[in-house]
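K.L.:
Fold the following, please.
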Amino acid sequence: MSSTTSSFPDRIELTGEGLVLRDWTEADLAAMPELFDHPDIAYWTPILSPFDEEAARTRLDRARSLRAEGATILLAITVDGGAPLGEVMLRRAPEGTEIGYVVGPAHRGQGLAARAVKVMAAYAFEELGVDQVILELEAENASSVAVATKAGFRLLDVPLIEGEEKGRPYVLQTWGLSRP
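P.N.:
As a prediction, the model looks like this:
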């Protein structure tokens, strides 16, 4: 299966680890600012800040266009298919099949990110046929390092990724999880 030509399904719902990962919908727009408009999220992620209702609409539209292009899936993290608690991403990129995540500040400390990463990794292995998934994160982001470790990833011996986002320089490590 070619990672550049195959498309994603129009609708995705993944279950496992006590979670339901589902598509974002218009009904989620009001909840998105509460999840994404936070200093930690502004600092550690490329998510727009401040994050308001207009940013929520833009993110929902972008999620749909990225899915249609076959490049990226953005799914709401829920426990029951209802209220969104965060987001998990799967992105096909030249450097590998990358997973990313963000959990709303009110929902942290429940293992949601690590569980969502495990479910998304299983999807990548089983449905997309990839041999490895990666996380790219800053060593100083202790929460993300803990998620990577808890989800079974290991730090890979590959060059660091240097860049700048929102006027802030960053250096990313690459963590990997191989197909079981």
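
K.L.:
Give me the below-cutoff pLDDT ranges for the chain.
P.N.:
Within the chain, the stretches with pLDDT under 70 are 1-6.

K.L.:
For Ala121, see how far away Arg179 is.
P.N.:
9 Å (C-beta to C-beta, to the nearest Å). Yep, even glycine has a C-beta here, placed from its N, CA and C like the rest.

K.L.:
Are there helices or strands packed against the particular helix or strand that has Glu54 in it, and which ones?
P.N.:
Glu54 is part of helix 53-69 when elements are defined by DSSP states H and E. Packing partners of helix 53-69 (3 or more C-beta pairs under 8 Å, 6 or more residues apart in numbering; DSSP states H and E): helix 32-36, strand 72-78.

K.L.:
Could you report the distance from Pro169 to Glu95?
P.N.:
Taken as C-beta to C-beta, the span from Pro169 to Glu95 is 19 Å.

K.L.:
what about those two, which has more around it?
P.N.:
For Pro169 versus Glu95, neighbours defined as other C-beta atoms under 10 Å are more numerous around Glu95 (11 against 8).

K.L.:
Go ahead and confirm the more buried one touches Gln132.
P.N.:
No: counting by C-beta atoms under 8 Å, Glu95 stays clear of Gln132, with 10.7 Å between them.

K.L.:
Name the residues of the strand ranked longest in the chain that come out as buried.
P.N.:
Longest strand of the chain, by residue count under DSSP state E: strand 168-178. For strand 168-178, the neighbour count (16 or more other C-beta atoms under 10 Å) marks 170, 173-177 as buried.

K.L.:
before we move on, the earlier item: give me the residues contacting the helix holding Glu54.
P.N.:
Helix 53-69 has contacts (C-beta atoms under 8 Å, 6 or more residues apart in numbering) with 7-8, 10, 23-26, 28-30, 32-33, 36, 47-48, 72-74.

K.L.:
Give me the buried entries from those.
P.N.:
Looks like the contacts of helix 53-69 have 8, 23-24, 28-29, 32-33, 36, 47-48, 72-74 buried, using 16+ other C-beta under 10 Å.

K.L.:
Which parts of this protein are helices?
P.N.:
Assigned by DSSP state H, the helices in the chain fall at 32-36, 39-44, 53-69, 112-126, 142-150.
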